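Q: I'll drop the sequence and a predicted model, then ask my questions.
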Amino acid sequence: MVTYKKNSKRISLTPTEDIVTFAKRKGFVYPSSEIYGGFAGVYDYGPVGMLLLNNIKKEWLQSMVQDRTDIYGLDSGIVTHPRVWEASGHTKGFTDPLVINNKTHERYRADHLLEEIGVACENVSFEEFVSLWNTHKHTVRFPQGVSVQDVGDPTYFNLLAKTNLGSVTYDTQKEEIAYLRGETCQGIYLNYKNVYDTMHPKLPFGIAQIGKAFRNEISPRQFLFRCREFEQMEMQYFIYPGQSKKYFGYFKKLRMKWLISLGLSKKKLRFLPHSKLVFYAQAAEDIQFQYSFGWKELEGVHDRGNYDLTQHAAFSKQKLAYFDEKSNTHLIPHIIETSIGAGRLFYALLEQNYTVQKVSKEETRIVLTLAYHMAPYQMAVFPLFKKTKFQKYAKKIFTSQSNKYSIVYDDTGSIGKRYRRQDEIGTPYCITVDEITLKKNTVTVRNRDTMKQKRIPVSKISTYIEKELIAARKKLS
């Protein structure tokens, strides 16, 4: 979503395609395997995008693990024992409704086609979905040249991605199927007992991890919003039975506050309770973000009851109970889950902050108005002239600051073009080395948002930037 600013007032929007083009042009996101024609639903994060993505993950780990005494970090494997997905219900229930074009054999997500005409079909049974489809299929907007007569009846398509990893036989009729994980939380449940035995936590406690997940999406779309390969940031909080309401409300508030601390607008965030719950869930709400294609799920907060540990205990034949010393009894903890896609958050930050700003009657500039602490680079260093003495001084500043801040050096093009390049990728501060620098050891610091410049001593660069970053962050708290 592009925003035009004039006197700080937003006056129009542009389509999502502008973000996709911008993301590639500025090194944020590239189509995967592009030289071979691309691979739908998979994206590569470029040099600038990798830094923004790392900032997102760093902030999440800081808030979820490092700042707390009750949540432990984990990095579980991507491939697990096949029975994990039987216990979790994914081999039977992890499905999306599919319709196939009988002429071209193209596949379409039937629920997406219904949602596009305003028909809600989340968490309905297959029989209910078929009824909805038959009622509304004649008003569905198919791709150009496709009619309802070309499309067959809905079927369910399993989203788990199969892999041969772990196969012990070349006989495909006998080999046991393994899967790439469809969600990261199962690795947390599998390691619940390990964490309990090694870290000796007391209820309530949590386990958090960031990791890749894979879904064999029928029709991946909407850029980073729906992918076949993506990263999840999930936390499972284990609690006493009867405490679900308390901690469900607590984590709702906590997660909303965290999203706002990254610079997302309160006006673009809202809670939406699930209209229908899966059979084991006690409560579920989404934190939605207003993307250019509508209000969509950004993060979920779920009360999962004790279903997951109960299932894995039954299928594995292992005891996964928690021993409560106070009551001298064993119990299966209940679980509150928070789950957010790193890519969806990355996309939300791009859409909200990509701004076209009128500088004068004749000139506009693109500026990515990211919160300063989230920007890929906190500062850029420029030599005003492409001469050795200026370049050496600028690189000396780069070296002195690179262990404290994410920083980039640039000596290509005019100083004006370099400012604009940094505006586009969201760099808050640009430091320029000029003739006065060589004489008096001072530099100009230019602010991204105001475009105003200030001269400060070279020795004060670090403290100046730190003070500015702290002040900017406080405004979001």
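A: Noted; the coordinates are in hand. Numbers count the residues shown, from 1 in each chain.

Q: report the distance from stretch 95-109 to the chain centre.
A: Between the mean C-alpha location of stretch 95-109 and the chain-wide mean there is a distance of 28 Å, by Cα atoms, centre = their mean, to the nearest Å.

Q: try stretch 407-421
A: 29 Å.

Q: S261: what's it in contact with?
A: Neighbour list for S261: E59, R473, L476, S477 [criterion: Cβ atoms under 8 Å, 6 or more residues apart in numbering]. From N, CA and C alone the C-beta is placed, and that goes for glycine too.

Q: and of those, the nearest to I425?
A: Distance from I425 was checked for each of these by Cβ to Cβ. The minimum falls on E59, at 18.3 Å.

Q: my guess is the closest one meets L262, correct?
A: Yes. Using Cβ atoms under 8 Å, E59 and L262 qualify as a contacting pair, with a distance of 6.4 Å.

Q: what is in contact with these two at once?
A: When Cβ under 8 Å, 6+ apart defines a contact, the residues bordering E59 and L262 alike are M374.

Q: ok, back up a step: list only those of the contacts of S261 flagged as buried.
A: Taking 16 or more other Cβ atoms under 10 Å as the criterion, what is buried in these is E59.

Q: count the neighbours of L74 for me.
A: L74 is flanked by 22 other residues according to other Cβ atoms under 10 Å.

Q: pretty sure E234 contacts I207?
A: No. Taking contacts as Cβ under 8 Å, E234 lies outside contact range of I207: 9.1 Å.

Q: which of the two has more residues huddled nearby?
A: Using other Cβ under 10 Å, the more surrounded residue of E234 and I207 is I207, with 28 against 25.

Q: go through the host helix or strand of that one and flag the buried ones.
A: Counting by DSSP states H and E, the secondary-structure element that holds I207 is strand 205-214. Buried positions in strand 205-214, judged by neighbour count with 16+ other Cβ under 10 Å: F205, G206, I207, A208, Q209, I210, G211, A213, F214.

Q: measure Q357 to M451 for me?
A: From Q357 over to M451 the distance is 10 Å, taken as Cβ to Cβ, to the nearest Å.

Q: next one: R473
A: Look at R473 and M451: by Cβ to Cβ, they are 21 Å apart.

Q: cool, and E231?
A: 35 Å.

Q: have a look at these two and say which one is more surrounded.
A: Each of E231 and M451 had its neighbours counted (other Cβ under 10 Å), and the higher figure belongs to E231 (21 against 14).

Q: my guess is the more buried one contacts S339. True?
A: No. No contact is recorded between E231 and S339 when judged using Cβ under 8 Å, the distance being 11.4 Å.

Q: now stretch 122-142, how far from the centre of its chain.
A: 30 Å.

Q: and that stretch, what's buried?
A: Using 16+ other Cβ under 10 Å as the burial criterion, the residues of stretch 122-142 that qualify are V124, F129, V130, L132, W133, K137, V140.

Q: repeat for stretch 220-229
A: Judged by neighbour count (16+ other Cβ under 10 Å), stretch 220-229 contains these buried residues: P220, Q222, F223, L224, F225, R226, C227, R228, E229.

Q: and those residues, which is closest to I19?
A: Closest to I19 out of those is F223 (7.0 Å), distances taken as Cβ to Cβ.

Q: roughly how far does that closest one sit from G77?
A: Between F223 and G77 the distance is 28 Å, computed by Cβ to Cβ.

Q: for N134, grab phi and psi.
A: Backbone torsions for N134, taken as degrees, to the nearest 10, come to phi -60, psi -30.

Q: wait, what's in contact with it?
A: So, once contact is read as Cβ under 8 Å, 6+ apart, N134 ends up touching nothing.

Q: next: the one 3 residues further on.
A: For K137, the contact set (Cβ under 8 Å, 6+ apart) comprises V148, V151.

Q: chain center to the helix ranked longest in the chain, what's the gap?
A: The helix spanning the most residues in the chain, taking DSSP state H as the definition, is helix 244-261. With Cα atoms, centre = their mean as the basis, helix 244-261 stands 17 Å off its chain's centre.

Q: in it, what counts as buried?
A: S244, Y247, F248, F251, K252, R255, M256, W258, L259, S261.

Q: do the same with stretch 261-274
A: Using 16+ other Cβ under 10 Å, the residues of stretch 261-274 that count as buried are S261, L262, G263, L264, K268, L269, H274.

Q: likewise for stretch 347-361?
A: Y347, A348, L349, L350, E351, Q352, N353, Y354, T355, V356, Q357.

Q: tell me which residues are up against it.
A: Stretch 347-361 is touched from outside by 1-6, 16, 18-19, 22-23, 28, 52, 56, 223-225, 262-265, 268, 289, 291-292, 298, 364-370, 374, 426, 451, with contacts defined as Cβ under 8 Å, 6+ apart.

Q: out of these, which end up buried?
A: Among the contacts of stretch 347-361, the ones that count as buried by 16+ other Cβ under 10 Å are 1-3, 5, 16, 18-19, 22-23, 28, 52, 56, 223-225, 262-264, 268, 289, 291-292, 298, 365-370, 374, 426.

Q: would CSV of the buried residues of helix 244-261 with pLDDT and distance to K319 be doable?
A: What follows is these, written out as CSV (pLDDT from 0 to 100; distance: Cβ to Cβ, whole Å):
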residue, pLDDT, distance to K319
S244, 95, 23
Y247, 97, 24
F248, 97, 27
F251, 98, 28
K252, 97, 32
R255, 98, 32
M256, 98, 37
W258, 98, 35
L259, 98, 38
S261, 97, 40
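
Q: and stretch 463-474, how far out from the chain's middle?
A: Offset of stretch 463-474 from its chain centre (Cα atoms, centre = their mean): 26 Å.

Q: what's the mean pLDDT across that stretch?
A: Across stretch 463-474, pLDDT averages out at 95.

Q: so where is this structure shaky, pLDDT-wise?
A: Screening the chain residue by residue with the criterion pLDDT under 70, one finds the ranges 1-16, 93-94, 123, 166-176.

Q: pick out the residue nearest the middle of it.
A: Averaging the C-alpha coordinates of the chain gives a centre point, and the residue nearest to it by Cα atoms, centre = their mean is A342 (1.8 Å).
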